[in-house]
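J.: Got a predicted structure plus its sequence, pasted below:
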Amino acid sequence: MTFYRNREKFSRLSVKIGISFSKIPLTPNQWTIVSLIPAILAAYFLARVLFLTAAGLFIIASFLDLVDGSVARVTGRVSKFGTYLDTIVDRYVEAMIIFALLFVALPSTGFFLPIKAWIFLYFFGAMMTTYAKSAAKEKEIVKDGDELKGGILERAERLIILFIGIVAAAFNPIYLSYAIVLLAVLTNFSALQRIWIARKASIVN
């Protein structure tokens, strides 16, 4: 029951956001592109080790990621290409932030691998979590109109952990290193979960 109440509250908030931002003469797809600007700036400031500034811009980019869909629903301009473009931009945003991490002199965590290896594993896990979903649809493992769902960590949860790590890094960069290791482990585990779900779905079908 709590889940449905929270979802209803989010839906009402989404409508309010859509009504407010639909007054600005931008299409939903243009809002999607606009969300790239604070994301690029967040990556830049992250690479410059200005963690709180990067976190603030990261929040703005995440908020604008809600605006495009809210405006599309309120104005009746939901489209297949808009949904596709939103997904593509989401991947670019996450990739830019991960790329910026390569330029930050983060301390080693002591967990077997150098921090740049953990960054790569995080990037690979995030990519595979998404690809496991799209590949299931491409190979027709899931039925038309359905999507492969599941996994301990989806994009929203990944971004929350990353955001917390960036904010905490302003006090001690080791916290961001820990967040990256956690993301590397959980994203790859999530990808494996989706592969397992796809296997079960293929047997049923």
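T.: Received it, and whenever you're ready, just let me know what you need.
J.: just checking, what packs against the stretch of helix or strand L52 belongs to?
T.: Using DSSP states H and E, L52 maps to helix 51-75. Contacting helix 51-75 under the criterion 3 or more Cβ pairs under 8 Å, 6 or more residues apart in numbering; DSSP states H and E are the following elements: helix 2-21, helix 28-34, helix 36-47, helix 80-101, helix 155-169. For every residue, glycine as well, the C-beta is placed using N, CA and C.
J.: mind putting these in JSON lines, distance to I203 and mean pLDDT included?
T.: What follows is the helices and strands packed on helix 51-75, written out as JSON lines (distance: least, Cβ to Cβ, whole Å; pLDDT from 0 to 100):
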{"stretch": "helix 2-21", "distance to I203": "29", "mean pLDDT": "63"}
{"stretch": "helix 28-34", "distance to I203": "37", "mean pLDDT": "90"}
{"stretch": "helix 36-47", "distance to I203": "40", "mean pLDDT": "96"}
{"stretch": "helix 80-101", "distance to I203": "28", "mean pLDDT": "91"}
{"stretch": "helix 155-169", "distance to I203": "27", "mean pLDDT": "92"}
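J.: closest to S62 out of the ones you listed?
T.: helix 155-169 (6.4 Å; Cβ to Cβ).
J.: Give me the domain ranges for the chain.
T.: Domain ranges of the chain: 1-104, 106-205, per automatic domain parsing.
J.: would you list the ones you listed in JSON lines and tack on mean neighbour count?
T.: Shown next, in JSON lines, are these (neighbours: other Cβ atoms under 10 Å):
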{"stretch": "domain 1-104", "mean neighbour count": "16"}
{"stretch": "domain 106-205", "mean neighbour count": "17"}
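J.: Could I get the helices and strands packed on helix 51-75 in TSV, plus columns for distance to L192?
T.: Converted to TSV, the helices and strands packed on helix 51-75 look like this (distance: least, Cβ to Cβ, whole Å):
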stretch	distance to L192
helix 2-21	25
helix 28-34	30
helix 36-47	28
helix 80-101	19
helix 155-169	15
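J.: closest to K143 out of the ones you listed?
T.: So among those, helix 80-101 is nearest, using Cβ to Cβ, at 17.4 Å.
J.: name the helices or strands packed onto that closest one?
T.: So helix 80-101, by 3+ Cβ pairs under 8 Å, 6+ apart, packs with helix 28-34, helix 36-47, helix 51-75, helix 115-138, helix 155-169.
J.: who touches that helix?
T.: For helix 80-101, contacts defined as Cβ atoms under 8 Å, 6 or more residues apart in numbering pick out 28-29, 32-33, 35-36, 39-40, 42-44, 46-47, 54, 58, 61, 65, 68-69, 72, 119, 122-123, 126-127, 130, 155, 158-159, 162, 176, 180.
J.: how close does the residue positioned nearest the centre of the chain get to P28?
T.: With distances taken as Cα atoms, centre = their mean, R155 lies nearest the centre of the chain, 3.6 Å away. For R155, the distance to P28 equals 19 Å [Cβ to Cβ, to the nearest Å].
J.: Mind pulling up the pLDDT for the nearest residue to L64 once chain neighbours are set aside?
T.: Excluding its sequence neighbours, the residue lying closest to L64 (Cβ to Cβ, 6 or more residues apart in numbering) is S35, at 3.7 Å. Looking at S35, its pLDDT reads 91.
J.: Cool, thanks, talk later.
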